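Colleague: Here is my input, please return the structure:
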Amino acid sequence: MSEIPTRFIATGADAAIAITRAAVNHRIGVSLSFQSGHLDPVRLARALRLSFDAEPVVGCSFRTDERRAYWQRMSDLDGAKLLVKEGVSDPDELMRSFQVAEVSDEGPQATVALFRSAQRDVVGIKVSHVLADGQAAKQYAYLLADIYTRLGADPSFTPEPNLRERPSGRDVWASLTSTQRREAKKAKSWTSPTWPAPNTADAGERLTYRWTALRPELFHALKSYGTDRGCTVNDMMLTAILRSCISRLDPPVGVPLSLMYTADLRRYLSDTATLPISNVSISGSLDIERVNDESFEETLRRVHGRMQRWAEMCHGAGPLASAERIAALGYGITERLLGLAFRAGGATDKTYPWFTNVGIVDDTKLLFDGVAPDAGFMFGPIAIGTSIVPVVSTYRSTLTVCMGYGDSDESTDLIEALLGSITSEIEGVCLV
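Modeller: The predicted model follows:
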């Protein structure tokens, strides 16, 4: 095995996300469900430990000083344990509790749990968003499955460390053409919230999740509906979520509604199959107005047009590169600059939805001894306060929308109503 360095550079995106934890609970998770008794806890624990060598930055602590942020390799990785709960009655509730807890800066930057009931084994995986975005979280889950399977064939197996340099905003920017760079400079990475905040007396102190799943026949119907109109599943879900938020939050007409959307920028990089666990995604604002008495298809047409323009502007490439330039000023200065921005953004009673589509979770890459999970979906960050943060993922043609929030009674009612409305929007146009 190649020698693993003791320190790695943190990217500008890593540093920025670390600082934004003042407003966002930052970790990204995966839930995988198997037939009861399929997984060997001892082997899964060994796979977890070896994953810290296969992706060395996962086995690090996140450290900062006034000048920089960096990743420091941990000296006691053998002390990291798999969380195992046997004979549980409600794996979903335990999964909620597991996923809301932050991944400690002290590391490791990934944790894994196994919840075993009489009916199923449920594996929870979560990684720190300071290190990894949604695509990287999937990548880590695939890695864990691969190591688990290899250990079954050879208990002495040890992985070769992935020592390729983690990509940054500079790498994305360098890969753009001059025309793309001109367009990227036009993109707006941030905007002031314009949606009325949900009418809740308390955002809730206990963070939790709710989710809903669109069954495969509904997923195929929405995909077909979109394809017939030249639109993607992403366009369809963004439209359904936008319309649901409009119906529940009742924003004003004629005001650009700030809807934050997460863009994965790996498309601009080469040889992405061997990229280490990284943050190569960034959010930007998709401003779109409310139009009364508009049909789903009319809203879809407007959303699709905005998304096409986003693609033309290589949206996110500019801000991701800017994160590197700001980080070069020093971590302390970056923290103070972002703190000013947070205070300015917090001085308002407005909010906005924050949409992420993590895409397909590939069952062929999740084979644990040749067996893929029966079901799976992903969890995203939770914005502290009254923001609405839907995360979409698809596994074996079941599309799941998952939302994290503060658990007051009013918030739970709103989130459950939004999830129901999203399903109704899709059913209303696809099952006719």
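
Colleague: Tell me if residue 124 really is in a strand.
Modeller: Yes - judged by DSSP: H, G, I helix; E, B strand; the rest coil, residue 124 forms part of a strand.

Colleague: number of nearby residues for the residue nearest to it when sequence neighbours are not counted?
Modeller: Among residues not flanking residue 124 along the chain, residue 113 sits closest, at 4.1 Å (C-beta to C-beta, 6 or more residues apart in numbering). Just so you know, the C-beta spots here come from the backbone N, C-alpha and C atoms, and that holds for glycine as well. Residue 113 has 22 neighbours, counted by other C-beta atoms under 10 Å.

Colleague: what about residue 113, is that helix, strand or coil?
Modeller: strand.

Colleague: Report the contact partners of it.
Modeller: 82, 83, 84, 85, 94, 95, 98, 123, 124 (C-beta atoms under 8 Å, 6 or more residues apart in numbering).

Colleague: now the strands: where do they sit in the stretch 151-300 of the chain?
Modeller: 195-196, 207-214, 257-264, 281-288 (DSSP state E, counting those that start in this stretch).

Colleague: let me fix that: the stretch 301-432 of the chain
Modeller: Counting by DSSP E, counting those that start in this stretch, the strands of the stretch 301-432 of the chain are 350-351, 354-360, 375-379, 382-383, 390-395, 398-406.

Colleague: Do me a favour and average the pLDDT over the biggest helix by length in the chain.
Modeller: Longest helix in the chain by number of residues (criterion: DSSP state H): helix 409-430. The pLDDT scores in helix 409-430 average 90.

Colleague: Name the residues of that helix that are buried.
Modeller: 410-412, 414-415, 418-419, 421-423, 425-426, 429-430 (16 or more other C-beta atoms under 10 Å).

Colleague: and those as a markdown table, adding distance to residue 218?
Modeller: Putting the buried residues of helix 409-430 into a markdown table (distance: C-beta to C-beta, whole Å) gives the following:
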| residue | distance to residue 218 |
| --- | --- |
| 410 | 29 |
| 411 | 26 |
| 412 | 24 |
| 414 | 23 |
| 415 | 20 |
| 418 | 17 |
| 419 | 14 |
| 421 | 15 |
| 422 | 11 |
| 423 | 8 |
| 425 | 11 |
| 426 | 6 |
| 429 | 11 |
| 430 | 6 |
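
Colleague: from the residues you listed, which single one is nearest residue 289?
Modeller: The nearest member of the buried residues of helix 409-430 to residue 289, counting by C-beta to C-beta, is residue 425 at 18.2 Å.

Colleague: shaky segments in this structure?
Modeller: 1, 23, 188-190, 199-205, 340-348, 385-386, 408-410, 432 (pLDDT under 70).

Colleague: Contacts only, for the residue positioned nearest the centre of the chain.
Modeller: In the chain, the residue lying closest to the centroid (C-alpha atoms, centre = their mean) is residue 134, at 3.8 Å. By C-beta under 8 Å, 6+ apart, residue 134 lies in contact with 28, 262, 264, 281, 356, 358, 378, 380, 391.

Colleague: how about JSON lines for those residues, with distance to residue 129 and neighbour count added?
Modeller: Listed next are the contacts of residue 134 as JSON lines, based on distance: C-beta to C-beta, whole Å; neighbours: other C-beta atoms under 10 Å:
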{"residue": "28", "distance to residue 129": "5", "neighbour count": "27"}
{"residue": "262", "distance to residue 129": "11", "neighbour count": "19"}
{"residue": "264", "distance to residue 129": "14", "neighbour count": "19"}
{"residue": "281", "distance to residue 129": "10", "neighbour count": "21"}
{"residue": "356", "distance to residue 129": "11", "neighbour count": "24"}
{"residue": "358", "distance to residue 129": "12", "neighbour count": "25"}
{"residue": "378", "distance to residue 129": "12", "neighbour count": "27"}
{"residue": "380", "distance to residue 129": "9", "neighbour count": "29"}
{"residue": "391", "distance to residue 129": "12", "neighbour count": "25"}
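
Colleague: Domain ranges for this protein, per the record?
Modeller: According to automatic domain parsing, the chain is divided into the following domains: 7-153, 169-430.

Colleague: and the gap between the spatially closest residue to residue 425 that is not a sequence neighbour and residue 282?
Modeller: Once flanking residues are discounted, residue 425 sits nearest to residue 240: 4.0 Å by C-beta to C-beta, 6+ apart. Going from residue 240 to residue 282 by C-beta to C-beta, to the nearest Å gives 23 Å.

Colleague: what's the angle from the host helix or strand of residue 93 to strand 375-379?
Modeller: Assigned by DSSP states H and E, residue 93 falls within helix 91-100. Between helix 91-100 and strand 375-379, the angle comes out at 30 degrees (axes from the mean of the first three to the mean of the last three C-alpha atoms, to 10 degrees).

Colleague: Now tell me what touches helix 91-100 from outside.
Modeller: Helix 91-100 is contacted from outside by 25, 27, 29, 31, 33, 83, 85, 88, 113, 115-117, 120, 122, 124, 126, 207-209, 379, 382, 404, using C-beta under 8 Å, 6+ apart.

Colleague: Just the buried residues from those residues, in PyMOL please.
Modeller: Buried residues within the contacts of helix 91-100, by 16+ other C-beta under 10 Å, are selected in PyMOL with:
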select buried, resi 25+27+29+31+33+88+113+115+116+117+120+122+124+126+207+208+209+379+382+404
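
Colleague: what are the ranges of the helices in the stretch 101-250 of the chain?
Modeller: Along the stretch 101-250 of the chain, counting by DSSP state H, counting those that start in this stretch, helices occupy 134-153, 169-174, 178-184, 216-228, 233-249.

Colleague: nearest to residue 387, of those?
Modeller: helix 233-249 (11.1 Å).

Colleague: could you give the angle of that closest one to strand 354-360?
Modeller: Going by the same axes, to 10 degrees, helix 233-249 makes 150 degrees with strand 354-360.

Colleague: Look up which residues are beta-bridged to residue 73.
Modeller: residue 60 (DSSP bridges).

Colleague: All good on my end, thank you.
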